[in-house]
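Student: generate a structure from the sequence data that follows.
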Amino acid sequence: MAFRQNLIWMRTALGVILTLSALSTAGAQAPRASREPPPPYRPAAGAKDLRAVLFNWTWYMGMLRGVDEHELIVSLEYQGKGAIHVDGQPCSLTKYRVSTSYQTPGQRTQYTCTRPNGQTVSGIEVVSGQYAWNEDIPGAEMVSGKGKATPMPGSVEERLIRLWASPQGAPKAALAGIGPAAELGPNPGTRLKDGVDKAGETSLSWQAGKPVVTFPIPGVPGAIASATLNDRYMAERVVVKQESTSTEFTYGDYQDWNNPLNKIDALYAGKMAERRDGVLVRDLTTVQTETGSLYVVMPVPASVKTAIQVAALQSAEAKSQQPAGAQTPTPRTADGKPDLTGNWNYSAMNWRYGNRRCGPTQQEGCTRAINQTMDFEFEAPSRFGPNRPLYKPEYWDKVQQLDMWTNKEDPVMTCQPLGIPREGPPRRIIQTATDIIFFYTRYVDGGGGYGEYRVIPIDGRKHDPQKAIEATYMGYTVGHWEGDT
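Tutor: The predicted structure follows:
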């Protein structure tokens, strides 16, 4: 199976802080809800309403995945060639790499180029939410003393516009304009009714026989985008207007630009041009992409947060810190420690990835079984969702490399156990005065389907130096209490 997950490091000393906090029992004892998705929506032949256009836009782009055809493109790695403008001057690219997280949302653009006078210029431009900064090395200041992050508050809107007007970003922004969704990436057809041309802040018109979808750019006040789609429901032109500024993006040559060993029919533009008030500032030809829930992070350095005051974010953070309503008292053991014993919600595996219909742009010979294998990487439990572990910057590319070459590198391909921390949260916990036992679900491909567990002593013992160097899938862990943690 071509699902790609992180390599289990058999002989690497992996330091993991295991925190057993006094968790609310609201999460314990909750049964796992069974869910059978309804048959996926498909537009009627010739349908020209907003519901049909938004569905076809994401469907033709290969963005709908799983048996219920959710929109599940969460990250992108892009490499291109061509030219960009740097400080108002044209610059011929020798390196151009864009790492995008659509969930954060955020984007890191790394480039090296040569100006007409022969001068070489390099830069790393980052946006994450409402913060923008430049880095001298990827992940600058994430590790104390390594790198320098320069706040760029005036670049936030420009960079967000580029992200949300991109070939994959534009349909996501159009769907976001409808209004908040109850779950991540629901099937676009489930959110609208037939026959309407406007929902929320997203609307549809037809010009010269082509659909034009208008929507706001998330996070950029007053920025309105209009995307003109071609006969394959892919954006050929996106114009973003904000006050007196107009930015035009043109796209063409849509293909699956992933490497030959991982063609998964997630399409991207092969030709891209960006003009700001009529001036060409980016002219790119795609070299390669990589899609499928790749590891992409852009944590905001503390110095940038300090320099850029974001009132809306501060307000949201303040609300999140307000006391919640009545809570169930934490159960305790006879010695007064919080009692973690119980059956806990387990949602790491999402089984909706199976047997998707063949897409409109897939090659002949496509089967639902092929799509089941292909779609797993979009929802693999260790890779799906926004809550990614934050590795040190020097390992970011290594994690991606392991994502891309799972079939060659990953022990899970031979049904070996997932290991820690990849195994995810335990499904059941049993606690005594001397140890805590974590039981994990047995419904996994790793480990050949056998149940896996860990016994963690909490009796005050120290690490055994000999056991610490032995190779084990589940690691060697001892624990202790610090108050209620």
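Student: where does the chain have low pLDDT?
Tutor: Where the chain drops to pLDDT under 70, the residues are 1-38, 311-326, 345-354, 363-364, 380-387, 406-407, 413, 441-450.
Student: now the residue lying closest to Ser203 once chain neighbours are set aside: how far from Tyr60?
Tutor: Residue nearest to Ser203 in three dimensions, not counting chain neighbours: Thr214, with 5.0 Å by Cβ to Cβ, 6 or more residues apart in numbering. C-beta: built from backbone N, CA, C; applies to glycine. Distance, Thr214 to Tyr60, using Cβ to Cβ, to the nearest Å: 19 Å.
Student: of these two, which one has the most company?
Tutor: Remark: of Thr214 and Tyr60, Tyr60 carries more neighbours, 21 against 17, as counted by other Cβ atoms under 10 Å.
Student: was I right about the more buried one contacting Gly359?
Tutor: Yes. Counting by Cβ atoms under 8 Å, Gly359 is a contact partner of Tyr60 at 7.5 Å.
Student: that older thread, what about the residue nearest to Ser203, which SS state?
Tutor: Judged by DSSP: H, G, I helix; E, B strand; the rest coil, the three-state class of Thr214 is strand.
Student: need the strands for the stretch 151-300 of the chain, in chain order.
Tutor: Assigned by DSSP state E, counting those that start in this stretch, the stretch 151-300 of the chain shows strands spanning 198-199, 202-207, 210-216, 224-229, 235-242, 245-255, 268-276, 279-291.
Student: buried ones in the fifth one?
Tutor: For strand 235-242, a neighbour-count test (16 or more other Cβ atoms under 10 Å) marks 235-240, 242 as buried.
Student: in contact with Thr150, which residues?
Tutor: Contacts for Thr150 (Cβ atoms under 8 Å, 6 or more residues apart in numbering) come out as 133-135.
Student: dump those to a markdown table, plus neighbour count.
Tutor: Putting the contacts of Thr150 into a markdown table (neighbours: other Cβ atoms under 10 Å) gives the following:
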| residue | neighbour count |
| --- | --- |
| Trp133 | 27 |
| Asn134 | 17 |
| Glu135 | 23 |
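Student: closest one to Gly365 out of these, please.
Tutor: Glu135 (44.3 Å; Cβ to Cβ).
Student: what number of residues lie near the residue lying closest to Tyr254 once chain neighbours are set aside?
Tutor: In space, and not counting its chain neighbours, Tyr254 is closest to Leu267: 4.7 Å by Cβ to Cβ, 6+ apart. Around Leu267 there are 23 other residues, counting by other Cβ under 10 Å.
Student: Leu267: what's it in contact with?
Tutor: Contacts for Leu267 (Cβ under 8 Å, 6+ apart) come out as 60-62, 167, 234, 254-256, 361.
Student: which parts of the stretch 1-150 of the chain are helices?
Tutor: Using DSSP state H, counting those that start in this stretch, the helices of the stretch 1-150 of the chain run over residues 50-60.
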